[in-house]
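Chemist: What follows is a predicted structure for the sequence shown.
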Amino acid sequence: MSEPVMGVGTCRPPALRKFALLATALSLLGCAVLSAPVLAAAAPASDVVYSVESAKASKSLMLDVVHAGKRLVAVGDRGHILYSDDQGATWTQAKVPTRQLLTSVYFVDDKHGWAVGHDAQILASEDGGVTWTKQFEDLKRESPLLDVWFQDANSGFAVGAYGALLATTDGGKNWEDASDRLDNEDQYHLNGIAAIKDAGLFIVGEQGSMFRSADWGQTWEKLEGPYEGSLFGVIGTAQPNTLLVYGLRGNLFRSTDFGSTWEPVELKAARGALEFGLSGATLLDDGSIVIVGNGGSVIRSDDNGETFSVFNRPDRISVAAVTDAGNGNLILAGQGGVRVTSPTGAGAENGKNGSSK
């Protein structure tokens, strides 16, 4: 599956990325080279367009779901941001100053969080996802940010299409274009960024591109990875220096030395090797790892990623992200919205919309 190209001009064919597993999201992505300068500038208040309130928001396309303390926060299509305080049973739609597709969200504590998406937009919340402000956008880029990570309430990074790497040291009041810190002359899309225990930061992207930073983002080293196809995400395990990267056609690799060497992880489904793309992952409190993807794929490891059990949901929905519900169940986000499932990913109950803020 390839992405449609909108607009005119010459550009190299874009590759699949995390949300590219979902056909609905693909049609929203254009093809334009990122501009270089980055200055934090939100739209004037009088020009702000808010996401449309919808009773069906919890059943619309959602691309990420995380915890803000005990609260759940999910982001997705049309600027929708939802939050739940009852383990995913009901969801409240937040008032959000955008109608663009949001691709990723990250909270450093129960209050401070950031969401990123199309038009290189970065939104911020200081109240656990109830209200949001637009910190940054760059309409000239015409391309999305795809992941975000913060070390604390001040220092963070956002990554995205065409090699975008943005950095802040003041909680997002100002964002700096830090793309030149990476050896990425081909401007490969950067799909995921994550912290690895006792090691540093790791970025993965298009064409199997990999970068690591032992000083938490100040300098980066380009690595030769084990795979030449697109990688959609990276997650650290509970063990020091140990991480997993995942991408197209069920490709999953494990490293115990911060990316210096890699071993493939075999994934066997009921009818043979898993061949669906993998798009999102979470590390549970007990050290278990859950990774989700296309075809209703939900895979789980209880040994720090050495082996995985594979479950494919009968509905074969495309799943973009996963987190724990807080009671042993899982929350899946993707095609058809947010769902509460059993710890294996089986069963499904769409959360109900509550009030809107």
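Modeler: Yep, that arrived.

Chemist: in the stretch 1-150 of the chain, which spans are helices?
Modeler: 23-26 (DSSP state H, counting those that start in this stretch).

Chemist: mind listing what residue 297 touches?
Modeler: By Cβ atoms under 8 Å, 6 or more residues apart in numbering, the contact list for residue 297 reads 250, 274, 276, 278, 291, 310-313, 319. C-beta coordinates here come from the backbone N, C-alpha and C atoms, glycine included.

Chemist: what about it, distance to residue 201?
Modeler: 26 Å (Cβ to Cβ, to the nearest Å).

Chemist: If you rank the contacts of residue 297 by neighbours, which is first?
Modeler: residue 319 (31 neighbours; other Cβ atoms under 10 Å).

Chemist: Quick check: phi and psi on that residue?
Modeler: The phi/psi pair for residue 319 (degrees, to the nearest 10) reads phi -110, psi 130.

Chemist: and it, how far is that from residue 336?
Modeler: Remark: distance between residue 319 and residue 336 (Cβ to Cβ) = 10 Å.

Chemist: can you tell me which residue is nearest the centre of this protein?
Modeler: Centroid-nearest residue in the chain, with Cα atoms, centre = their mean: residue 104, separated by 4.2 Å.

Chemist: Could you give the bridge partners of that one?
Modeler: Beta bridges link residue 104 to residue 116, judged by DSSP bridges.

Chemist: Run through the residues that contact it.
Modeler: 18, 63-64, 75, 115-117, 145-148.

Chemist: again, 7 Å this time
Modeler: Going by Cβ atoms under 7 Å, 6 or more residues apart in numbering, residue 104 touches 64, 115-116, 146-148.

Chemist: and the two most separated of those residues?
Modeler: Spatial extent of the contacts of residue 104 (Cβ to Cβ) is set by the pair 115 and 146 at 11.8 Å.

Chemist: What mean pLDDT does stretch 228-240 get?
Modeler: Mean pLDDT, computed over stretch 228-240, is 98.

Chemist: Next, the buried residues of that stretch.
Modeler: 229-237 (16 or more other Cβ atoms under 10 Å).

Chemist: and of the contacts of residue 297, the nearest to residue 197?
Modeler: Closest approach between the contacts of residue 297 and residue 197, by Cβ to Cβ: residue 291, at 17.5 Å.
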